[in-house]
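Visitor: no sequence on this one, just coordinates:
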């Protein structure tokens with residue numbers, strides 16, 4: 001029993017609490033979407049809105065914050081950043097490659113690497 005339950009005599013409702021960072025699907029209203037468009041937008045749950053009874057979601061693809069009440073949660077799934085997409089080409093090299101495959105920017109000088 002929590003102190004609040006002891007004081008008020010009522011059990012607290014916690015069904016609106018969600019796992020931070022879980023996948024959430026924000027409903028896209030019919031007025032905005034076309035007939036064959038997705039009905040929901042895949043986002044990350046980042047908290048609760050301070051001004052309304054809504055959830056704060058972040059869409060990493062569009063980099064936009066969404067505030068919505070009409071949300072479906074998948075608390076078993078969390079957002080995983082794909083680090084493979086963020087690798088800079090040439091940063092990691094294969095053992096089969098030799099040194100001639102890489103450009104040393106310090107040696108380019110004024111000719112910008114043209115030979």
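Guide: Structure's in. What do you need? Keep in mind that this is a model prediction, so the values were computed, not measured. Residues are numbered from 1 along each chain as shown.

Visitor: what residues sit buried inside stretch 12-28?
Guide: Going by neighbour count (16 or more other Cβ atoms under 10 Å), the buried part of stretch 12-28 is 22-26, 28. Where you see a C-beta, it was placed from the backbone N, CA and C, and this is true even at glycine.

Visitor: I misspoke; the intended subject was stretch 62-77.
Guide: Residues of stretch 62-77 classed as buried under the neighbour-count rule (16+ other Cβ under 10 Å) are 66, 68, 71.

Visitor: for residue 56, give me its contacts.
Guide: Shown in contact with residue 56 (Cβ atoms under 8 Å, 6 or more residues apart in numbering): 45-49, 65-67.

Visitor: one more: residue 11?
Guide: Counting by Cβ under 8 Å, 6+ apart, residue 11 touches residue 5.

Visitor: shaky segments in this protein?
Guide: Along the chain, the parts satisfying pLDDT under 70 run over 81-115.

Visitor: could you redo the last one with a cut-off of 90?
Guide: Applying pLDDT under 90 to the chain flags the ranges 1-21, 28-30, 32-33, 35-40, 53, 61, 75-115.

Visitor: can you map out the strands along it?
Guide: With DSSP state E, the ranges of strands along the chain come out as 22-27, 40-48, 55-59, 64-68, 71-78.

Visitor: out of those strands, which is closest to residue 12?
Guide: In terms of Cβ to Cβ, the element of those nearest to residue 12 is strand 40-48, at 15.4 Å.

Visitor: check contacts around the closest residue to residue 38 other than its chain neighbours.
Guide: Leaving aside its chain neighbours, residue 38 sits nearest to residue 28 (6.7 Å; criterion: Cβ to Cβ, 6 or more residues apart in numbering). Going by Cβ under 8 Å, 6+ apart, residue 28 touches 37-41.

Visitor: out of the residues you listed, who has the most neighbours?
Guide: residue 41 (19 neighbours; other Cβ atoms under 10 Å).

Visitor: nothing else from me, thank you.
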